[in-house]
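My questions concern the predicted model and sequence given below.
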Amino acid sequence: MATKTKRKRYDKSGPEAKALVDEIVHGTFMKEGTMVAFPTCFPGVTTPIEADESHITALDVAADGIVYGGTSGRRTHLFAGMFHGVTGCVFDMGTVDGADECVAVCCGRSGFAACVNGPTGGRVVTRGLQGLPFDLLQEWGFGRPAFRNLGQPAKGERIVHAVATASVGTVVGATERHVFVVDIDQGTLRVVGDAMGLGELAVGHMGGVFGRDDGNTLWRYDASTSQVERKAVKLPGHAWDRVRLRWARDHRTGQLYTADGEGQVYTFSEAQGFSPPLARTRLAPVGPMSVTLDGRVFGFCGDEISRMFCYDPRRSKLSDVGVAVSVLERRRYGYVFGSAGTGRDGQIFFGEDDDLGHLWLYFPKIQTPGARAEA
């Protein structure tokens, strides 16, 4: 009769076990930097946007650092967030009649355009930018001018996305089958071509606007000729089916970042095209991303409970930052995010795409000298 070998008892007090426990307990949530979940209101003065109307699905940051956003849900709200000087509030500018989804907010020199969808299709509304208040600690007052309705780019079609171009005040957008251009200051809207609308649009460093086309390709809009070139660029690899195209732009260089359905990260430039895969995120798909002032890319990956990642191009390294959690202003976990943008001072805004959505501010860790040396 064979004798049983006694299994060695796992030493829970050993250094390896302690390190594993520490990684599980403290490595799940934010490992570096600081997250602040800010409510969609003026704390202590106004009430937040209602829970089922507060999914933040569009963000843009104006030149003066004020962040503008739009929500999706039962109704669409447009808001402005102010975090410089004596401010600290999110101002709800009001709802857009007949809209239940906001897919883009684009800031110009003196106004912004919001692309919204409803039962009858997509349309564009505009309004002037919000001035920076004098002193919100002592006194305050805001007006709510009506939104200007520029109409539908294509009757019955939903708008997919839009971006502000290098020409300040001009917005290029895409519906399900058309490309359109908006002049915010002039209040005009015109269709410039036919193309698929399959995900986010992006502006290249030479001024071209790119969007997802069929057949794993990109179309390109040239503002100088007002022409749309179909299937202008082929996407790398093969894992692009059933994934919404996402972009992040380094505003210093104009370089674009994107990721395929397997979480492989690429760069794209108009002159050189796509890079080979740079890194792979821990989860897929990749959600909203933004590039901070030192060139690092921060974004979220994964469904339902997403994790933040950081790609540092100077070290050619992608790291896992963890699940979002806020212990300042609001004690809250953050699981689903729909939009992102970089602030004036390098902080990154993330729009929470969830009930009772908050505007999250992420302050990245300041890197130590020598940490960003070229690889």
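Good, I have the coordinates.

how near is residue 22 to residue 282?
Residue 22 sits 19 Å away from residue 282, going by Cβ to Cβ, to the nearest Å. (Each C-beta comes from the backbone N, C-alpha and C, glycine too.)

the more surrounded of the two?
More crowded of residue 22 and residue 282, by other Cβ atoms under 10 Å: residue 282, with 14 against 10.

For that one, which non-adjacent residue is spatially closest?
Spatial nearest neighbour of residue 282, chain neighbours left out: residue 320 (5.1 Å); criterion: Cβ to Cβ, 6 or more residues apart in numbering.

show me the contacts for the closest residue to residue 200 other than its chain neighbours.
Counting by Cβ to Cβ, 6+ apart, the nearest residue to residue 200 once its immediate chain neighbours are dropped is residue 161, at 4.8 Å. Residues in contact with residue 161, defined by Cβ atoms under 8 Å, 6 or more residues apart in numbering, are 103-104, 115, 173-174, 197, 199-201, 211.

Take these and write them to JSON lines, including distance to residue 356, neighbour count and secondary structure.
Shown next, in JSON lines, are the contacts of residue 161 (distance: Cβ to Cβ, whole Å; neighbours: other Cβ atoms under 10 Å; DSSP: H, G, I helix; E, B strand; the rest coil):
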{"residue": "103", "distance to residue 356": "21", "neighbour count": "25", "secondary structure": "strand"}
{"residue": "104", "distance to residue 356": "23", "neighbour count": "27", "secondary structure": "strand"}
{"residue": "115", "distance to residue 356": "24", "neighbour count": "30", "secondary structure": "strand"}
{"residue": "173", "distance to residue 356": "29", "neighbour count": "27", "secondary structure": "strand"}
{"residue": "174", "distance to residue 356": "30", "neighbour count": "34", "secondary structure": "strand"}
{"residue": "197", "distance to residue 356": "30", "neighbour count": "26", "secondary structure": "coil"}
{"residue": "199", "distance to residue 356": "27", "neighbour count": "19", "secondary structure": "strand"}
{"residue": "200", "distance to residue 356": "25", "neighbour count": "23", "secondary structure": "coil"}
{"residue": "201", "distance to residue 356": "29", "neighbour count": "25", "secondary structure": "coil"}
{"residue": "211", "distance to residue 356": "32", "neighbour count": "28", "secondary structure": "strand"}
